[in-house]
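[1] One predicted model, sequence on top.
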Amino acid sequence: MKHQLLKNKTIYQVYVRNYSQEGTLAALQKDLPRLVDLGIDILYLLPIHPIGQLARKGTLGSPYSITDYYAINPELGTKQDFDNLLKHAHQLGLKVMMDMVFNHTAKDAKWVKEHPDFYVYKNGKLANRVGDWSDIADLDFNNPHVSKALIDVLVYWTKQGIDGYRCDVAPLLPLSFWKDARQNIDAINPETIWLSESVDPGFIQWLREQGHHASSDGEMYQAFDVLYDYDVFHALEGNFTKKNDLKKYLTLVNTQSYIYPAHYLKMHHLENHDTARAAAYIKATNIIKNMTAWSFFQPGLGFLYAGQETLQTKTPSLFEKDLIDLTIHDAEFYDLIKRFIAIKKLPELQTTRRLEILPVIQPDLIFARLATAESDFYGAFNLSKNAREMYISVPDGVYQNLYTASAITIQKGILYTQGPVLIRIPKKS
C-alpha cells in the first residue's frame, strides 16, 4: 500500500533561485549526488514557473505569483534543463515533486487575457480573498472550466514524468476538485504522491468566519496521501518561544492518532520556506539535534528545507536573490541527520502500528514508544542544553543506541545522556 511505501521517505525542499550562486536547475542537478548520499528520497521544488511583473513583491517577485503553468522561469533555465534534471534525478533513484499553486495566479498571467472569466472580481477588478497576497488574483472555482484547465496542467506534468505534487494552500480549494484531480492523475500514474499544504487551524477558523471555504485536515485525507503537520507546529514553535509549554504540543501530537484515518501520514517539519529557521528559534545545538531526531522518529515523512542540514539561521527571502549557505560547518550534526534518515528507512519501521508519548516527571524531555509487530522502539529526546540524568520506563540493562551505534546503560530507570537515544527491544514470543 502507498502509505507504507511513503512512511519511511524523506523530502528535501529546494528554492532553486537561492540554492546556488547560479540559481539554476543545471546547478541544482550537480548537487543531486550529495542529496542521494544524505539519504533523500523526494526532491520537492518550489514553483519553477515564470513570475508575474504586475504588483511584483520585491525585486524578483514571488514564485507563487505564476504567469504560465506550462513554462519554466527563464531565470532558472530552459525546459531542456528541467528535463535533464528530472532524468538525472530518476537515474539516481530520486522522485521529483512540483509545487502546484492553483488557488491563484499572477495578476498578469496568460489566463487573465485568454480566460478572464476564470477569475474572482470585486468592483470589476481582479481580487483575492487574503488581503496581503497583493501580487496575485484568485481563480474562481464556480466556473467549471477552471477545474478542467487546472487538471489539464497536472496531466501535462505527470506525462512529463513528475512523481508528485505539493499543493499550495490546498484546503482553500474545493475538496471535490482535488478528488477529481486525483482520479484523473492516478489513472495515468497511480503512484503519484499527493502532499497537501494543510494550513494553520487558526487560519481555517478565520477563513470560515469570513464566509470562505476551508477544509480541515481530516477532510483533506479524502484526496491526499500526506499533509503538513501545521495542526501541531505552532505549539512546537511556541514551546521554544515561551508561548506555551511542551505538554500542549505533545498532547496535540497524541490526538493525531485517533482524529485522523488509521493510515494517516504527516510530513514532520521543523522549518520550511514560510517559517523561521529551526536553528533560529531553537537556540542550543544539542536541543536542535534532539528535536531533529524527534521529527524523524515520528511515523510519517521526514522533511528538510535546504540549509537545515547546515544549521542555517536566516530564512532566505522569497522575493530576492538570497543565497543559502550549504557549507557543512558542523559535520557531527550533518552526519547525525544522515543517520536519522537511514534509521527511518528500516523495514520494520514501515510497519509501525502506534506512536505513544509516554509520561515523564522531568521538564524538557520527550519520551515515546513506536510499536511494531516485532519490537518496541523507545526514543528519548533531551530538550535541555546539557547532558543529564533522564528517568525513563525501560527495563534496566545495557542497550545499543541506534543513533550512535554505541552502548548505553540504564540503571534503576536512569539514563545519563546528552544526545537523542533510540533503543529497540524485541517483543517476547
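    Arrived safely. Numbers count the residues shown, from 1 in each chain.
[2] quick one: contacts for residue 307?
    Contact analysis of residue 307 by C-beta atoms under 8 Å, 6 or more residues apart in numbering lists 277, 316, 324, 325, 326. In this view, the C-beta of every residue, glycine as well, is placed from N, C-alpha and C.
[3] isn't residue 407 right next to residue 398, touching?
    Yes. Counting by C-beta atoms under 8 Å, residue 398 is a contact partner of residue 407 at 5.6 Å.
[4] can you pull out the helices in the stretch 201-350 of the chain?
    201-209, 217-220, 230-240, 246-259, 278-281, 285-297, 331-344 (DSSP state H, counting those that start in this stretch).
[5] Among those, single out whichever gets nearest to residue 165.
    helix 217-220 (13.4 Å; C-beta to C-beta).
[6] which strands and helices sit next to the closest one?
    Contact here means 3 or more C-beta pairs under 8 Å, 6 or more residues apart in numbering; DSSP states H and E; on that basis helix 217-220 packs against helix 175-186.
[7] What average pLDDT does the helix it packs on get?
    Mean per-residue pLDDT for helix 175-186: 98.
[8] on that earlier part again, pick the one among the contacts of residue 307 closest to residue 264.
    Out of the contacts of residue 307, the member with the shortest distance to residue 264 (by C-beta to C-beta) is residue 277, at 27.3 Å.
[9] Pick the most buried one from the helices of the stretch 201-350 of the chain.
    Per residue and on average, the most neighbours among the helices of the stretch 201-350 of the chain fall to helix 285-297, with a mean of 22 (mean count of other C-beta atoms under 10 Å).
[10] ok, residues contacting that helix?
    In contact with helix 285-297 (C-beta under 8 Å, 6+ apart) are residues 10, 268-270, 278-279, 282, 302-303, 311, 330, 333, 336-337, 340-341, 343-344, 366, 368, 370, 379, 381-386, 403, 418-420, 422.
[11] please redo it, this time with the cut-off set to 6 Å
    For helix 285-297, contacts defined as C-beta atoms under 6 Å, 6 or more residues apart in numbering pick out 268, 270, 278-279, 282, 302, 340, 344, 366, 379, 381-383, 385, 418, 420.
[12] domains for the protein, by residue range?
    Domain segmentation of the chain under automatic domain parsing yields 2-345, 365-426.
[13] Quick check: end-to-end length of the shortest one?
    Between the opening and closing residues of domain 365-426 lies a distance of 24 Å (C-alpha to C-alpha, to the nearest Å).
[14] Next: stretch 338-350.
    Using C-alpha to C-alpha, first and last residues of stretch 338-350 are 18 Å apart.
[15] try stretch 356-376
    End-to-end for stretch 356-376, by C-alpha to C-alpha: 11 Å.
[16] got the buried residues for it?
    For stretch 356-376, a neighbour-count test (16 or more other C-beta atoms under 10 Å) marks 357, 360, 364, 365, 366, 367, 368, 369, 370, 372, 375, 376 as buried.
[17] Now the third one: closest residue in space, sequence neighbours ignored.
    Distances taken as C-beta to C-beta, 6 or more residues apart in numbering put residue 383 closest to residue 364, at 4.0 Å, once the chain neighbours are dropped.
[18] contacting residues around that neighbour?
    The contact partners of residue 383, by C-beta under 6 Å, 6+ apart, come to 287, 290, 364.
[19] Please produce JSON lines containing these, extended by pLDDT and distance to residue 28.
    Shown next, in JSON lines, are the contacts of residue 383 (pLDDT from 0 to 100; distance: C-beta to C-beta, whole Å):
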{"residue": "287", "pLDDT": "96", "distance to residue 28": "31"}
{"residue": "290", "pLDDT": "97", "distance to residue 28": "31"}
{"residue": "364", "pLDDT": "93", "distance to residue 28": "38"}
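[20] Going by distance to residue 67, which of those wins?
    Of all those, residue 67 sits closest to residue 287, with 42.7 Å by C-beta to C-beta.
[21] And residue 201, what's its pLDDT?
    Residue 201 is given a pLDDT of 88.
[22] Identify the residues contacting it.
    So residue 201 contacts nothing (C-beta under 6 Å, 6+ apart).
[23] any idea how far it is from residue 240?
    For residue 201, the distance to residue 240 (C-beta to C-beta, to the nearest Å) stands at 19 Å.
[24] on that earlier part again, which two among the contacts of helix 285-297 are spaced furthest apart?
    Comparing every pair within the contacts of helix 285-297 by C-beta to C-beta identifies 344 and 385 as the most remote, at 26.0 Å.
[25] picking that back up, show me the contacts of helix 285-297 that map onto strands.
    268, 302, 366, 379, 381, 382 (DSSP state E).
[26] gap between residue 258 and residue 354?
    10 Å.
[27] pretty sure residue 65 is touching residue 106, no?
    Yes. If you go by C-beta atoms under 6 Å, residue 65 and residue 106 touch, sitting 4.2 Å apart.
[28] most tightly surrounded among the domains of the chain?
    domain 2-345 (a mean of 18).
[29] any idea how far residue 274 is from the nearest residue to residue 276 once chain neighbours are set aside?
    Nearest residue to residue 276 in three dimensions, chain neighbours excluded: residue 315, at 5.8 Å (C-beta to C-beta, 6+ apart). From residue 315 across to residue 274, the span is 9 Å (C-beta to C-beta).
[30] related to what we said a few turns ago, export the helices of the stretch 201-350 of the chain to TSV and tack on distance to residue 55?
    Below are the helices of the stretch 201-350 of the chain laid out as TSV (distance: least, C-beta to C-beta, whole Å):
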stretch	distance to residue 55
helix 201-209	22
helix 217-220	30
helix 230-240	27
helix 246-259	37
helix 278-281	29
helix 285-297	36
helix 331-344	39
